[in-house]
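Novice: Got a predicted structure here, sequence first:
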2 protein chains.
Amino acid sequence: MAFTYLTNVPLEQARKEFLRTLDEQGFAARTERIRVQDAFGRITASAVYAHINAPHYACSAMDGVALYAGNSFGATETTPVTLKPGQFAVVDTGDPIPDGCDAVIMVEDLVKHDDGSITIHAPAAPWQHVRQIGEDVCAGEMILPSFVEVTPAAIGAMIAGGVLELEVLAKPVVGIIPTGDEIVPPCADPRPGDILEFNSSIFSAMLAFWGAEAKTYPIVPDRYDEIRDMLQKAASECDVVILNAGSSAGRDDYAAAAVAEVGAVLYHGIAIKPGKPAILGYKGAVPILGVPGYPVSGIIVIDELLRPLIGRWYGRESDGGSRTRAKLTRPVVSGLKYQEYVRVRMGYVGDELTASPLPRGSGVVSSFMKADGLLEVPQGTEGYTAGEEVRVRLLTEKQKLRNTLVVIGSHDPLLDELADLIHREDRRLYLSSTHVGSMGGIMAVRRGEAHAAGIHLLDTETGEYNLSYIRRYFPHGGVYLVRCVGRQQGLMLQKGNPLDIRAFADIARDGLRYVNRQKGSGTRVLMDFLCDRYGVERDGIYGYEREEATHNSVAVQIAGDSADAGMGIYSAAALYGLDFLPICVEEYDLLIPEKVWDTGPVRQLIRTLKSGEFRSRIEAMGGYTLDGPGEIIAKF
Amino acid sequence: MAFTYLTNVPLEQARKEFLRTLDEQGFAARTERIRVQDAFGRITASAVYAHINAPHYACSAMDGVALYAGNSFGATETTPVTLKPGQFAVVDTGDPIPDGCDAVIMVEDLVKHDDGSITIHAPAAPWQHVRQIGEDVCAGEMILPSFVEVTPAAIGAMIAGGVLELEVLAKPVVGIIPTGDEIVPPCADPRPGDILEFNSSIFSAMLAFWGAEAKTYPIVPDRYDEIRDMLQKAASECDVVILNAGSSAGRDDYAAAAVAEVGAVLYHGIAIKPGKPAILGYKGAVPILGVPGYPVSGIIVIDELLRPLIGRWYGRESDGGSRTRAKLTRPVVSGLKYQEYVRVRMGYVGDELTASPLPRGSGVVSSFMKADGLLEVPQGTEGYTAGEEVRVRLLTEKQKLRNTLVVIGSHDPLLDELADLIHREDRRLYLSSTHVGSMGGIMAVRRGEAHAAGIHLLDTETGEYNLSYIRRYFPHGGVYLVRCVGRQQGLMLQKGNPLDIRAFADIARDGLRYVNRQKGSGTRVLMDFLCDRYGVERDGIYGYEREEATHNSVAVQIAGDSADAGMGIYSAAALYGLDFLPICVEEYDLLIPEKVWDTGPVRQLIRTLKSGEFRSRIEAMGGYTLDGPGEIIAKF
């Protein structure tokens, strides 16, 4: 059993060597013969020549009569020529020109007589008003060269030229082998420890987009023999094989060893993060790509190492997509050892394009879904500081970014509903929300990075919400505070309140597992205020340091019995069927910079806040009070 | 039987009214439930919420041991804590955190003992190295809003969230009814009068591109009842119906009357050219579009009037594609009555983008295949002059245009072979050739509109080719003349030479049908020279005025027995199995402007001319002599 140690080869070198090795092994496109009707978007494998002329017969281009032009010579206004039946034939547009005829006179230019004869007052030039043979396509002429994409009009031209089938590049078949004892097919009720197998579905969609065809094999358990046998089978049936290994060291070893036994391993370990444990192997001309199990790692490895293979198959350049410059909103720290990929949310607030790093966990596939761009931090670079201009690979079109409301600040599920309602109302508009807490929202607005921020900051001295904070952080004004909702804050507790929690101070009880919100969030401000007010020692709360970034994720820990209590809003507790101990009603408002106030997207945001649809959705969620949403509380 | 007269309504008004009427009739997207795995590229019909948390259980983020963090409190380098088996559990990455545990210590940070106990030298914070429930997706949270496109990562996020199916906008089913007695299904051996039915294949590809699904019905003969019945059937089975009528007045009337009987006709006749006889009708909420039979008319009507319907279905803007400015190379004359669509070839020679009008016949589908852009001449405009800057709708990407060698001049089939070879050699490069004759080529190079021109112009005084013309038209130099081929010119004759033509002068014989080349072509110059030399009166040649633009199209007329003789090159005669009377060998060279000489595309052109592949292809065609192709004859 072969064993290959992990390497840490730079991506560019690995990719180049991989392609070079596969070229040597004879990796190249197969071709296939298909019906012309099915050829749209396919790539010709060789030049296509017409078989017949189009039109394949000389035909009339007008309604009129066909005749031998020589018989009309000499006709003038004063010396008309009369032709008897038999000397001409009535033709409609598209009719073949009868034998012996070579011209058409339009019906408007002749006089018909009762005896069936006609008179003309001008000669016909030979071949006037006749569509010549081959006007469109001549037999034997090249219709399409090799290696070009078939367009709708080309389909028409080929059929017109009598071509019914053509040779195109076959779509490469990419076998996907999911492995892992814990991996189960998608279902709605997995057991603890089960991991849903969705990587193959992600990869299949990516492959379809690139013009390849996925063939997903059944899930293989973590057994060396079975992995090796399935690899053998897939390599004999496919043009490319993806071995989607688990991510632990033990499983990786199986994968690399199996690839080495079936074929050869070129590299095991690429200097990228995520994606390091990738395996570049092959069996003859069939590339075998070992892909880590975490979805984000998998997406990046497939994109960086499999996409160029598909490009090579089709003979097209892999340019890596469109890139743009953007201002980084938060610092990005990266290790020197790897090229690191950071998903970013992007937005235009005004003319400047900003990029905000998203969570970097490689298990968080939703971060890829939310990403508008990919920031690559090169190997040997420590990262970037906030405010730095960076080059980002765009995953979202700039036009869409220009139409996207950037909302940064405190989390509330109502933001998702707003996003949905705004886009339903005007399908050009989008709303993207990032949850960094109320203080983070204020800072984002100050830096000109957000169209709006959701905030609910209690001034513990006055009991007033938001106003004093805005005065402090916007001493020169330039912002609007807009009413959104009042919302019920309290302690979310396990269903039925098994620990019998009656008051806020109970959270410090022995044996109670608390789950907190992150620093800078309005709920954390409230929590700390309550600790002070009720004399609860923070150190005495088990789990005080455990931070979650949204009301929902706090509720989920309690619902999943990994915590007993946490502070949050009623709607989140209701969503997960938790008990709720109300503490206060707070004002959740929107902070909007003056400079974007009079823009289309913000006007739509205000309209939607004031709409009946918004009201009914929010009321259905529970725990909110609506007292004039969309109204201006104050202008600073 | 209702009858509707032709209108001439401006396109914009017709489109607006059509959409408004259909809105009133309730034209709107259907939705359907599909598997998440099949949803790539589809549009959500409503917001999608997660059903389960992902991960759905707290799991280890590292390989190590899980424990109750409380048991580790107080551990330091000097006061280590030892845990006995039962106080901890060994976990791999992804394993569930056992009941009673709430933290993970990495394997690197602990000391294992032989009795199975472990020692740690630092406390674990609760929930350290634990992937929390819902880290990726929380149950009940919105994964995707309504009316957005499903991406690969979104497929992953949905499955992770336990969503196995979702509601998407159904693809509109567009019924296509081809009609006409003369219309036959695609075949390679149509009889005279047969018209191959390829419009439905073109339309199907266009529809697929727009996200619709074509359903093509059998060809319906020109019978009112049958057309009406098929319309009725299609309107009951589809979301949109295309009635692809013939183009003659009689058939149009059938179509409009049938639409009127089945539903209603809004407009019959739009002020566009081609495409005027279009019918805008509907049956309830089902739009019925009557489309003229000529393919170019059909493409334009579908593009202008059906695409916006698909856009409305999906709720997206129909922006009509990307537009650009370009310099017109030849004048375009247009009628005031219509908005006219002119297909243009486009090219960059240097930095300036040029647009050259293509043949305007609406039966010439190959012109659409060759078109890089569409020039719209508005209603009420007489056209444009050569050199004018016009706005063109791009059909080819600018990047491709920048990599396209523009060859304008004399026709030779070898240009198609060059195009194929160059693109095979470097798939980023393309060659587009336009056949305007040798003089046209010289003028195009002079105006800076071509990278190269094929020319073969005989100086009848010196017997020399090309040189004297270049001296005359490029008095200040700035061009290279590059050797291409010697080619055999002569008279192409019907197979077996049934008219027993022995000498050039025989073409003036009574009863012989000649077919000529267009003015400005090198072959026409030769023809006229030969007439003078042999004392042949042009007026005495039957068909002297009949002009074709390529060697092939001359040969095709002879092969199709619509002519007896024509001047052209041996390779064209050989392609169509014609007899050939050799007259002279001429020099077909390439004229290349100095300013593009040292560019990648031109260098590749020269390399290809010098290649063995070029030689063997040209030799296989016959009638050529190759004496150093690619060599510089002279620099001016």
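Specialist: Here it is on my side, so go on. None of these values were measured; they are calculated from a predicted model. Numbers count the residues shown, from 1 in each chain, chains lettered A, B, ... in the order given.
Novice: okay, CA-based contacts and neighbour counts for the rest of this
Specialist: Noted.
Novice: Next to chain B in this structure, residues from the stretch 201-350 of chain A, please.
Specialist: Counting by C-alpha under 8 Å from any C-alpha of the partner chain, the residues of the stretch 201-350 of chain A close to chain B are A:Ser201, A:Ile202, A:Phe203, A:Ala205, A:Met206, A:Ser247, A:Ser248, A:Gly315, A:Arg316, A:Glu317.
Novice: so where's the stretch 1-150 of chain A shaky on pLDDT?
Specialist: Low-confidence segments of the stretch 1-150 of chain A (pLDDT under 70): A:1-5.
Novice: if you set the cut-off to 80 instead, what comes out?
Specialist: The stretch 1-150 of chain A contains residues with pLDDT under 80 at A:1-6.
Novice: how much space between A:Ile558 and B:Ala58?
Specialist: 12 Å (C-alpha to C-alpha, to the nearest Å).
Novice: Flag every residue of the stretch 1-150 of chain A that's near chain B.
Specialist: Neighbours of chain B within the stretch 1-150 of chain A, by C-alpha under 8 Å from any C-alpha: A:37, A:40, A:47, A:51-53, A:56-59, A:92-96, A:102, A:126-127, A:132-142, A:145-147.
Novice: Show me the strands in the stretch 401-550 of chain A, by range?
Specialist: For the stretch 401-550 of chain A, strands defined by DSSP state E, counting those that start in this stretch occupy the ranges A:404-409, A:430-435, A:453-455, A:479-493, A:514-517, A:547-548.
Novice: again with the stretch 1-150 of chain A
Specialist: Using DSSP E, counting those that start in this stretch, the strands assigned to the stretch 1-150 of chain A run over residues A:31-35, A:48-49, A:59-60, A:64-67, A:81-83, A:88-91, A:103-106, A:110-112, A:118-120, A:130-131, A:142-144.
Novice: okay but A:Pro172 is in contact with A:Asp239, surely?
Specialist: Yes. Counting by C-alpha atoms under 8 Å, A:Pro172 sits close enough to A:Asp239 to count as a contact (5.7 Å).
Novice: A:Gly74: how many residues sit nearby?
Specialist: By the criterion of other C-alpha atoms under 10 Å in any protein chain shown, A:Gly74 has 13 neighbours.
Novice: and the closest residue to it other than its chain neighbours, what does it touch?
Specialist: Distances taken as C-alpha to C-alpha, 6 or more residues apart in numbering or on different chains place A:Pro123 nearest to A:Gly74, at 6.2 Å, with adjacent residues excluded. Counting by C-alpha atoms under 8 Å, 6 or more residues apart in numbering or on different chains, A:Pro123 touches A:Ala69, A:Ser72, A:Phe73, A:Gly74, A:Ala75, A:Thr76.
Novice: run the last query once more with 7 Å
Specialist: The neighbours of A:Pro123, taking C-alpha atoms under 7 Å, 6 or more residues apart in numbering or on different chains as the test, are A:Ser72, A:Phe73, A:Gly74, A:Ala75.
Novice: Closest one of those to A:Ala29?
Specialist: Closest approach between the contacts of A:Pro123 and A:Ala29, by C-alpha to C-alpha: A:Ser72, at 60.2 Å.
Novice: how does chain A divide up, domain by domain?
Specialist: A:11-29+A:172-314, A:31-54+A:135-169, A:59-131, A:323-396, A:430-635 (automatic domain parsing).
Novice: Which one, of those, ends up nearest to B:His435?
Specialist: Comparison of the domains of chain A against B:His435 by C-alpha to C-alpha identifies domain A:31-54+A:135-169 as nearest, at 13.7 Å.
Novice: and the strands of the stretch 1-150 of chain A, which is most packed in?
Specialist: Greatest average neighbour count among the strands of the stretch 1-150 of chain A goes to strand A:59-60 (a mean of 27), per mean count of other C-alpha atoms under 10 Å in any protein chain shown.
Novice: Other residues contacting that one?
Specialist: With C-alpha under 7 Å, 6+ apart, strand A:59-60 has contacts from A:Val91, A:Asp92, A:Thr93, A:Gly94, A:Asp95, A:Pro96, A:Ile97, A:Val104, A:His129, A:Val130, A:Arg131, A:Gln132.
Novice: can we see that at 10 Å?
Specialist: For strand A:59-60, contacts defined as C-alpha atoms under 10 Å, 6 or more residues apart in numbering or on different chains pick out A:66, A:91-98, A:102-106, A:127-133, B:192-193.
Novice: And stretch A:592-599, by the same measure?
Specialist: With C-alpha under 10 Å, 6+ apart as the test, stretch A:592-599 has contacts from A:349-350, A:407, A:442, A:445-446, A:448-454, A:477-482, A:602-603, A:606, A:635-636.
Novice: Filter these down to just the ones in helices.
Specialist: A:Ile442, A:Val445, A:Arg446, A:Val602, A:Arg603, A:Ile606 (DSSP state H).
Novice: From these, pick the one nearest B:Asp589.
Specialist: A:Val602 (63.6 Å).
Novice: Could you check how far the closest residue to that closest one other than its chain neighbours is from chain B?
Specialist: Closest residue to A:Val602 apart from its sequence neighbours, by C-alpha to C-alpha, 6+ apart: A:Val596 at 6.9 Å. Distance, A:Val596 to chain B, by C-alpha to the nearest C-alpha, to the nearest Å: 24 Å.
Novice: tally of neighbours for A:Val596?
Specialist: Count around A:Val596 with other C-alpha under 10 Å applied: 18.
Novice: How is it assigned, secondary-structure-wise?
Specialist: At A:Val596 the chain is in helix, as set by DSSP: H, G, I helix; E, B strand; the rest coil.
Novice: any chance of the residues of the stretch 201-350 of chain A next to chain B in CSV, plus pLDDT, distance to A:Gly566 and neighbour count?
Specialist: CSV is the format used below for those (pLDDT from 0 to 100; distance: C-alpha to C-alpha, whole Å; neighbours: other C-alpha atoms under 10 Å in any protein chain shown):
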residue, pLDDT, distance to A:Gly566, neighbour count
A:Ser201, 97, 36, 24
A:Ile202, 97, 35, 24
A:Phe203, 98, 38, 25
A:Ala205, 98, 39, 25
A:Met206, 97, 40, 22
A:Ser247, 47, 33, 21
A:Ser248, 49, 33, 16
A:Gly315, 91, 56, 18
A:Arg316, 86, 54, 15
A:Glu317, 75, 52, 12
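Novice: Same list, those residues, but as a markdown table with secondary structure please.
Specialist: Converted to a markdown table, those look like this (three-state DSSP):
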| residue | secondary structure |
| --- | --- |
| A:Ser201 | helix |
| A:Ile202 | helix |
| A:Phe203 | helix |
| A:Ala205 | helix |
| A:Met206 | helix |
| A:Ser247 | coil |
| A:Ser248 | coil |
| A:Gly315 | coil |
| A:Arg316 | coil |
| A:Glu317 | coil |
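Novice: For those, give me CSV that also has distance to B:Asn497.
Specialist: Output for those, formatted as CSV (distance: C-alpha to C-alpha, whole Å):
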residue, distance to B:Asn497
A:Ser201, 66
A:Ile202, 66
A:Phe203, 64
A:Ala205, 61
A:Met206, 61
A:Ser247, 78
A:Ser248, 81
A:Gly315, 47
A:Arg316, 49
A:Glu317, 52
